[in-house]
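In: Sequence plus predicted model, see below.
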Amino acid sequence: MKISINTSFDTTTLLERYGPWALIIGASHGTGSAAAHQLAAEGINCVLLARNESALDELSQELQQRYGIDTRCIVADLSQPDSTNEALTRVEDLDIGLLIYNAGAPAYASDFIKAPLETWQNLIALGATSLTTICYHIAQKMVERGRGGILLMGSHAALGGNKKYALYTASKGFMLNFGESLWMELKDMGVDVLNFLILVVDTPTLRKQMRKSNVDGWDNDRIPGVYSPHDVMQKALQELPNGPTFLHPDDDEHESDFGSERRAALIERWSHTEPYVGDD
Ligand SMILES: NC(=O)c1ccc[n+]([C@@H]2O[C@H](COP(=O)([O-])OP(=O)(O)OC[C@H]3O[C@@H](n4cnc5c(N)ncnc54)[C@H](OP(=O)(O)O)[C@@H]3O)[C@@H](O)[C@H]2O)c1
């Protein structure tokens, strides 16, 4: 099945712009698996990374059979730095044109001082340390080849703090500022960067959290007001060339101008400022 994505670039296809390989961090379900299907339908080969080996194997086989693409599965827990370095060695031989950093939801909500410190350290490792390490290596290669895309699946949680989500809001805030800086640095080098800030999307993680918190509707076929992973990912891929930031669903169909205001403010803020002179 061919999934049609109306990208905002007319002259090139997704494959030409972001192929031949995509690296999807957090591919085993939800938005990550939706991304794999949409990219595979466009002929892009996929590296699928997550912790659940059997889910990755099943997805990998489905993608190969339905779309005839190549896949590579990497079972890794990116809250563990060694695992991140090992994962990078597994993609060294591949020409990666697209990185989607999708993993990042918290294991659970809790008051900061009530959860084991390790819970928060793992979330920082996943949402900040591994994000940095992976972007560092992949972005360098994209700049060398003069082409690529980095899609950071963020959250409205990036916009401010919240009770029981101290480290989640902090990690998503890190991702937002990091991603906007990357956009400024890479936009003239052929590499697109987009922070896609999600409000709510129907993923197994969301349903698990709803069930744990006794929120009605967690087992309904459709949860009212919650977006499908397919629609969210389709929008994210469409908007990838229009970085640095897209607020979903508000910026859709121009209901708000958060993303364009953020872009204008970023350019204005830094256009008059010479960067500090460093060692390079
Ligand atoms: N769901 C929502 O309503 C919502 C709202 C706002 C923002 N977001 C953001 O959207 C993204 C996707 O959401 P989600 O609900 O699907 O989140 P998720 O629980 O982070 O899962 C996404 C993917 O990441 C993988 N993953 C999770 N932890 C990992 C780890 N330590 N190492 C490697 N892979 C890991 C998961 O598979 P495995 O379990 O197999 O590893 C899954 O494939 C997240 O960044 C989240 O913060 C979601």
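Out: Done, it's in.
In: Kindly report the residues of this structure close to the ligand.
Out: Selection of the chain residues close to the ligand by C-beta under 6 Å from any ligand atom yields 26-32, 50-52, 55, 76-79, 102-105, 126, 153, 155, 198, 200-201, 203, 205-206. Bear in mind the C-beta positions are built from the backbone N, C-alpha and C, glycine included.
In: If any of the residues you listed are buried, put those into a ChimeraX selection.
Out: Applying 16 or more other C-beta atoms under 10 Å to the residues of the chain next to the ligand, the buried members can be selected in ChimeraX as follows:
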select :26,27,28,29,30,31,32,50,55,76,77,78,79,102,103,104,105,126,153,155,198,201,203,205,206
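In: in the stretch 51-200 of the chain, which spans are strands?
Out: Under the criterion DSSP state E, counting those that start in this stretch, the stretch 51-200 of the chain contains strands at 71-75, 96-101, 148-155, 191-198.
In: Need the ones you listed in JSON lines (columns: mean pLDDT).
Out: Rendered in JSON lines, the data for the strands of the stretch 51-200 of the chain read as follows (pLDDT from 0 to 100):
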{"stretch": "strand 71-75", "mean pLDDT": "98"}
{"stretch": "strand 96-101", "mean pLDDT": "98"}
{"stretch": "strand 148-155", "mean pLDDT": "98"}
{"stretch": "strand 191-198", "mean pLDDT": "98"}
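In: Could you dump these into TSV and include distance to Leu167?
Out: Compiled in TSV, these are given as follows (distance: least, C-beta to C-beta, whole Å):
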stretch	distance to Leu167
strand 71-75	25
strand 96-101	17
strand 148-155	13
strand 191-198	18
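In: Mind checking which of the residues of the chain next to the ligand land in helices?
Out: Residues from those lying in helices, with DSSP state H as the criterion: Gly30, Thr31, Gly32, Ala55, Thr205, Leu206.
In: For these, work out which two are farthest apart.
Out: Ala55 and Leu206 (16.5 Å; C-beta to C-beta).
In: For Arg222, which residues are in contact?
Out: Going by C-beta atoms under 8 Å, 6 or more residues apart in numbering, Arg222 touches Asp202.
In: What strand or helix carries it?
Out: Under the criterion DSSP states H and E, no helix or strand holds Arg222.
In: From the ligand, how far off is it?
Out: 14 Å (C-beta to the nearest ligand atom, to the nearest Å).
In: Could you do Glu255 as well?
Out: 18 Å.
In: Nearest spatial neighbour of that residue, chain-adjacent residues omitted?
Out: Nearest non-adjacent residue to Glu255, counting by C-beta to C-beta, 6 or more residues apart in numbering: Pro249, 7.4 Å away.
In: Return the nearest residue of the protein with respect to the ligand.
Out: For the chain, the residue positioned closest to the ligand under C-beta to the nearest ligand atom is Gly26, at a distance of 2.5 Å.
In: does that residue really touch Asn52, like I thought?
Out: No - counting by C-beta atoms under 8 Å, Gly26 stays clear of Asn52, with 10.4 Å between them.
In: picking that back up, next one: phi and psi at the residue of the chain closest to the ligand?
Out: For Gly26, the backbone dihedrals (degrees, to the nearest 10) come out as phi 90, psi 60.
In: Tell me who's in contact with the closest residue to it other than its chain neighbours.
Out: Using C-beta to C-beta, 6+ apart and skipping the chain neighbours, the partner closest in space to Gly26 is Ala103 (3.0 Å). Contacts for Ala103 (C-beta under 8 Å, 6+ apart) come out as Ile25, Gly26, Gly32, Ala50, Leu78, Leu126.
In: Could you single out the nearest of those to Glu180?
Out: Ile25 (19.1 Å).
In: Confirm for me that that closest one is in contact with Arg51.
Out: No - applying C-beta under 8 Å as the test, Ile25 and Arg51 come out as separate, 11.3 Å apart.
In: could you dump the contacts of Ala103 to TSV with pLDDT?
Out: Putting the contacts of Ala103 into TSV (pLDDT from 0 to 100) gives the following:
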residue	pLDDT
Ile25	98
Gly26	98
Gly32	98
Ala50	98
Leu78	98
Leu126	98
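In: Those residues: which two are farthest apart?
Out: Gly32 and Leu126 (13.5 Å).
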